[in-house]
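In: Quick one: sequence and predicted model below, then my questions.
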Amino acid sequence: MPANLRELRDRKASVSTIKKLTRAMELIAASRIVKAQQRAQAAGPYARELTRAVSAVATFSNVDHPLTTEKENPRRAAVLLITSDRGQAGAYSANVIREGERLNQLLREEEKQIVPYVSGRKGIAYYTFRQREIAQSWSGDSDNPSFARAREIADALIEAFLTPTEEGGVDEIHIVFTRFVSMLTQRADVIRLLPLEVVEGEEAPAADDVLPLYEFEPSAEEVLDGLLPKYVASRIHYCMLQAAASELANRQRAMKSATDNAQDLIEQLTRDLNQARQAQITQEISEIVGGASALADANAGSE
Amino acid sequence: MADDSAKHLEVALVAAERTVWQGQAKIVIARTTDGDVGILPGHAPLLGLLQGGTVQVRTVDDEYFVAAAPDGFISVANDRVSILAENAEMGHDIDLEEARRELDQALAAGLADADADEVRLAEARVRAAEQTS
């Protein structure tokens, strides 16, 4: 019995430690998620102004740009998969990877060759474990993506897009990421990044308003040339910020349930422990009583 | 549209990760690839790529400041001026000495091509800091 008691006590102690750990991780995720949301908000004005400007150029000029031009017979498709660097986030990475697999399946059915680009260590591990080739990968800052990183990815993708297909370029680019809908809902999602679908005439001018006729300096083509890569980088940054917020929300939720489970386990173990201790005490008492009565019987017999 | 337009410009200086400055201004002077443009209230809609990396702004309170906006662009419509640059910064937030040092480093590192991003960024910061002080 004492061995069992000690064992239970040890288990309870270790579960308590785990609970403290997961609780700490939950709190860290909770505080970071606020920051992640603030960052997503702070990046909003840039994305908004950029979108406005791009749609202005697209609406008020008839410029065809390589980045907006659909290729006639797309054969190679790049897929950028945004996953997390670390685990302990429930099914976060698994979900987004599954979404990516579904997209891959779809593209394969359209007889397109897939060129994978991966961000985040979890995705890289998934691909390397299955010995699949990755065109390029990035990792290290999945929960706090900087704009510089988004720009790096954008440059790589744009370069691949502008390379002719025969020389290893790609015809279209998709992003698989997790959209942060709310604290409770995050959804794995796919968007097509390139060729760009520019929303024309975002804000239609009122009837009595004169149509703003933009002057372009130096020219519409060159302005578009300068704007589109920035727009692509901003879109990627947006996706990464959404993914980061989702990752943290998932981690917080996973760690909360881990903490709750640990608490349940501690309660169960406490009960077992008390029961075992009580059983031991009962046994000791009955041994004493048994011993005492045996002694009394022996004394009675000798008189 | 010059008559009924407001007497000031709504200016927003936006970097990729935050809004650097937002307020009302009398005039914005920016250098585009075609040369300097001064933007006053009532300016025609404009979209231009910035060159040289600095933008000068005189606010409605007659304050004057210079901002670094390397590789940015400017959009003007209905008295709203948006200056967008990934690494926009206010001139008075930049330490001139440090900016000079960074420029030297960037120049040393990128001797091969003087058009490198780092060099342009460092140049714009030095210029903005110089014009502020």
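Out: Yes, it's here.

In: tell me the SS of the residue nearest the centre of chain B?
Out: Taking Cα atoms, centre = their mean, the centroid of chain B lies closest to B:Val55, which sits 2.9 Å from it. Under DSSP: H, G, I helix; E, B strand; the rest coil, B:Val55 falls in the strand class.

In: How about the contacts made by it?
Out: When contacts are counted by Cβ atoms under 8 Å, 6 or more residues apart in numbering or on different chains, B:Val55 touches B:Leu13, B:Val28, B:Ile29, B:Ala30, B:Val66, B:Ala67, B:Ala69, B:Gly72, B:Ile74, B:Ile83. Where you see a C-beta, it was placed from the backbone N, CA and C, and this is true even at glycine.

In: Kindly give a single ChimeraX line that selects the buried subset of the residues you listed.
Out: To isolate the buried members of the contacts of B:Val55 in ChimeraX, using 16 or more other Cβ atoms under 10 Å in any protein chain shown:
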select /B:13,28,30,66,67,69,72,74,83
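
In: tell me which element B:Asp71 falls in.
Out: Under the criterion DSSP states H and E, no helix or strand holds B:Asp71.

In: All the helices of chain B, in order from the start?
Out: When assigned using DSSP state H, the helices of chain B occupy the ranges B:96-109, B:117-132.

In: Give me the contacts around the longest one.
Out: Right, the one you point to is helix B:117-132. With Cβ under 8 Å, 6+ apart as the criterion, helix B:117-132 contacts B:52-54, B:56, B:65-71, B:87, B:89-92, B:94-96, B:99-100, B:102-103, B:105-107, B:109-110.

In: what about 7 Å?
Out: Identification of contacts with helix B:117-132 by Cβ atoms under 7 Å, 6 or more residues apart in numbering or on different chains yields B:53-54, B:65-71, B:87, B:89, B:91-92, B:94, B:96, B:99-100, B:102-103, B:106-107, B:109-110.

In: Look through the stretch 101-250 of chain A and state the residue closest to chain B.
Out: Nearest to chain B in the stretch 101-250 of chain A, going by Cβ to the nearest Cβ, is A:Glu217, at a distance of 3.5 Å.

In: I'd guessed that residue sits against B:Asp34; true?
Out: Yes: counting by Cβ atoms under 7 Å, A:Glu217 touches B:Asp34, with 4.8 Å between them.

In: Who has more neighbours out of those two?
Out: Between A:Glu217 and B:Asp34, counted using other Cβ atoms under 10 Å in any protein chain shown, the more crowded position is A:Glu217 (22 against 14).

In: residues touching the more buried one, list them.
Out: B:Thr32, B:Thr33, B:Asp34, B:Leu46, B:Gly48, B:Leu49 are the contacts of A:Glu217 under Cβ under 7 Å, 6+ apart.

In: Pairing partners for the nearest residue to it once chain neighbours are set aside in the sheet, please.
Out: By the measure of Cβ to Cβ, 6 or more residues apart in numbering or on different chains, the closest residue to A:Glu217 outside its immediate chain neighbours is B:Gly48, 3.5 Å from it. Listed by DSSP bridges, the beta-bridge partners for B:Gly48 are A:Glu217, B:Ile74.

In: Can you tell me which of the contacts of A:Glu217 is closest to chain A?
Out: B:Gly48 (3.5 Å).

In: Look at the closest one and say how many residues are nearby.
Out: Residues lying near B:Gly48 (other Cβ under 10 Å) number 25.

In: repeat for A:Ile236
Out: The number of residues near A:Ile236, taken as other Cβ under 10 Å, comes to 26.

In: what sits against the residue nearest to A:Glu217?
Out: Contacts of B:Gly48 (Cβ under 7 Å, 6+ apart): A:Glu217, A:Val223, B:Thr32, B:Val37, B:Phe73, B:Ile74.

In: do A:Leu273 as well
Out: A:Leu8, A:Arg9, A:Lys12.

In: of these, closest to chain B?
Out: The closest of these to chain B turns out to be A:Lys12 (Cβ to the nearest Cβ; 46.6 Å).

In: how about the residues of chain A near chain B?
Out: Proximity of chain A to chain B (Cβ under 7 Å from any Cβ of the partner chain) is limited to residues A:39, A:42-43, A:45-46, A:49-50, A:53, A:56-57, A:147, A:210, A:212-218, A:222-223, A:226-227, A:237.
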